[in-house]
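Student: 3D, please:
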Amino acid sequence: MRGLLDDLLQATEAAALAASTWRGRGDEKAADQAAVDAMRQQLQSVPMSGTVVIGEGERDAAPMLYVGEAVGAGTGPELDIAVDPLEGTTICATDAPGALAVLAAGARGSLLHAPDVYMEKLAIGPGCPEGLIRLDDPPADNLERIAEAKGCRVEDLTVCILRRDRHADLVHAVRETGARLRLIGDGDVAAIIQVADADSPVDVYMGVGGAPEGVLAAAALACTGGTMLGRLVFRDDGERARAARAGIRNFDRVYSRSELASGGTVLIVTGVTDGPLVQGPRQAANSVTCDSRVYSSDGRCERRQATYLVPA
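Tutor: So this is what the prediction gives:
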């Protein structure tokens, strides 16, 4: 896998560069399409036999990077590929902090084929014992155990939650514990990754967001040693049917981090706009520099910066 990192990194860089030309222009669809086109084109030259397991949707709804699409040059290892060419379309369109191009890769069967539905998520960083967090427990109980494991008070913890109406009760419950609360508008992949970052103030991520994004975040935690639980959330029978087509049989199952993304995976994020993980592309007179992080299963997180010449 490490032999392919540079090739896969170029795919996220291509997506980030393409999307960044739409920063602050208010057109989410154009930004997303530019990222999709650029990432797919770059992936086709990678010496692998890849299959998209997390992508832009089902085949009849997405012309490129759809679930089940074959990507790569057709040689080399057989890999599962999970992508979000532009994580944070609204973030990019408004030039707000934290838009990313994201790609995870692993051996066949290493990534959950999550349908495009919601997922309830609970994530913490490394160093906590197995079974410490439980998805069905009240926030107060989980935070009490996390604080004890970290050797601090609940009031010292920072919990990150997406700012959504559906989280009103969760937000109230967390505030009642005395923990600090960081509400974000979008970008829960980056938020979950941060729980395992020693330089981040975020200790815990809670709440409901996209299931595909949950798998991408779990791939990062598989590399950094974090813990995550996830359970699919369905709004109607159509979403249950979508999950069944993706191979989901137990609709109430609570997935562990290793069931979402097992060992041997890599995750790559490249900045589209400046954010807590990476910066957006930096334009100079005749060049542009991309900023990325590469998370690999040996526990390493590498900061990568690459500069490309821009034709005059």
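Student: Tell me which stretches of the stretch 51-200 of the chain form helices.
Tutor: In the stretch 51-200 of the chain, the segments counted as helices under DSSP state H, counting those that start in this stretch are 89-93, 139-150, 168-177, 188-194.
Student: where exactly do the strands run in the stretch 201-312 of the chain?
Tutor: 204-210, 227-233, 255-256, 266-271, 282-283, 287-296, 301-309 (DSSP state E, counting those that start in this stretch).
Student: correct me, but I81 touches V71?
Tutor: Yes - assessed by Cβ atoms under 8 Å, I81 is found in contact with V71 at 6.0 Å. All C-beta atoms are positioned from the backbone trio N, CA, C, and that covers glycine.
Student: For the nearest residue to R2 once chain neighbours are set aside, list each beta-bridge partner.
Tutor: Counting by Cβ to Cβ, 6 or more residues apart in numbering, R2 lies nearest to S296, which is 6.8 Å off, once chain neighbours are set aside. On the basis of DSSP bridges, S296 is bridged to V266.
Student: quick one on the thing from earlier: how about the helices of the stretch 51-200 of the chain, which one is nearest R108?
Tutor: Taking Cβ to Cβ, helix 188-194 is the member of the helices of the stretch 51-200 of the chain nearest to R108, at 22.7 Å.
Student: List the buried residues in the closest one.
Tutor: Neighbour-count burial for helix 188-194 flags D188, V189, A190, A191, I192, I193, Q194 (criterion: 16 or more other Cβ atoms under 10 Å).
Student: Contact partners for D156?
Tutor: Going by Cβ atoms under 8 Å, 6 or more residues apart in numbering, D156 touches A147, K150, R180.
Student: Mind putting the helices of the stretch 51-200 of the chain into CSV with distance to L4?
Tutor: Shown next, in CSV, are the helices of the stretch 51-200 of the chain (distance: least, Cβ to Cβ, whole Å):
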stretch, distance to L4
helix 89-93, 27
helix 139-150, 36
helix 168-177, 39
helix 188-194, 21
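Student: Nearest to M39 among those would be which one?
Tutor: helix 89-93 (14.1 Å).
Student: got the buried residues for stretch 299-306?
Tutor: C301, R304.
Student: for stretch 201-218, same thing?
Tutor: 202-218.
Student: quick one: average pLDDT of it?
Tutor: For stretch 201-218, the mean pLDDT works out to 96.
Student: ok, back up a step: closest to L5 out of the contacts of D156?
Tutor: Ranked by distance to L5 (Cβ to Cβ), those are led by K150 at 32.2 Å.
Student: Distance check, the closest one against D203.
Tutor: In this view, K150 and D203 are 7 Å apart by Cβ to Cβ, to the nearest Å.
Student: Give me the common contacts of the two.
Tutor: What both K150 and D203 touch, as defined by Cβ under 8 Å, 6+ apart, is the set L157.
Student: Using the record's domain definitions, break this structure down for me.
Tutor: 2-109+265-309, 118-260 (automatic domain parsing).
Student: Which one of the strands of the stretch 201-312 of the chain lies nearest to T51?
Tutor: strand 266-271 (15.8 Å).
Student: Next, the angle from that closest one to strand 287-296.
Tutor: Between strand 266-271 and strand 287-296, the angle comes out at 150 degrees (axes from the mean of the first three to the mean of the last three Cα atoms, to 10 degrees).
Student: Could you export strand 266-271 as PDB, CA atoms only?
Tutor: Presented in PDB, the C-alpha positions along strand 266-271 are these (Å, rounded to 0.1, in the frame of the first residue of the first chain):
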ATOM      1  CA  VAL A 266      -4.800   4.600   4.600                       C
ATOM      2  CA  LEU A 267      -6.500   8.000   4.700                       C
ATOM      3  CA  ILE A 268      -5.400  11.100   2.800                       C
ATOM      4  CA  VAL A 269      -6.900  14.600   3.300                       C
ATOM      5  CA  THR A 270      -5.900  17.600   1.200                       C
ATOM      6  CA  GLY A 271      -7.000  21.100   2.100                       C
END
